[in-house]
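Chemist: The following comprises the amino acid sequence and a computationally predicted model.
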Amino acid sequence: MSSSFRHLVLITAALALAGCAHFGGKRWGHPVHVSEVVALSQHGVPPSEIVAKMNRSGIVYHLSEVQYVEIRESGVTPEVIAYMKSTYTQALVAYPKLAQDEHFSCWYLGPDGYWYGGGPQGFHPDC
């Protein structure tokens, strides 16, 4: 095994361990935005795999009913949509103020134009 390859392996392992330590040992995946959910669905990825990937990301989805209809028409299954809706419902239980957040101050606008919250950092304490 070459010296440069060993260094690459050690650096990769160190970065992986540092990432886990940063979030208290919880392994968060990257944010799974709606556009990715649609693409995965259109490429035939099973709903259970999509839901598992979304669950690992910790993202909360804040879509309107019209947007849910649109993504359903784009190929996202009812099972995946039900999971997306449940993230919002569960967030409301943990953060009741989200229900009154008319100006979306507790949410961020994703690169695909949909609203998201949660993730590794969770919601701001004021939410």
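Modeler: Great, that's in hand.
Chemist: what's the domain layout of the chain?
Modeler: 1-27, 31-118 (automatic domain parsing).
Chemist: Show me how far stretch 33-46 is from its chain's centre.
Modeler: Chain-centre distance of stretch 33-46: 13 Å, with Cα atoms, centre = their mean, to the nearest Å.
Chemist: Which of the domains of the chain sits closest to D126?
Modeler: Each of these has some distance to D126 by Cβ to Cβ; the shortest is domain 31-118, at 7.4 Å. From N, CA and C alone the C-beta is placed, and that goes for glycine too.
Chemist: low-scoring stretches of this structure, by residue?
Modeler: 1-28 (pLDDT under 70).
Chemist: hey, where'd the helices end up in it?
Modeler: All helices of the chain, identified by DSSP state H, fall at 3-22, 34-42, 47-57, 65-73, 78-94.
Chemist: export the fourth one as CSV, just CAs?
Modeler: What follows is helix 65-73 as a C-alpha-only set of coordinates in CSV (Å, rounded to 0.1, in the frame of the first residue of the first chain):
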residue,chain,number,x,y,z
GLU,A,65,-51.4,21.0,-0.2
VAL,A,66,-51.0,22.3,-3.8
GLN,A,67,-47.3,21.5,-3.7
TYR,A,68,-48.0,18.0,-2.4
VAL,A,69,-50.4,17.4,-5.3
GLU,A,70,-47.7,18.6,-7.8
ILE,A,71,-45.1,16.3,-6.5
ARG,A,72,-47.6,13.4,-6.4
GLU,A,73,-48.2,14.1,-10.1
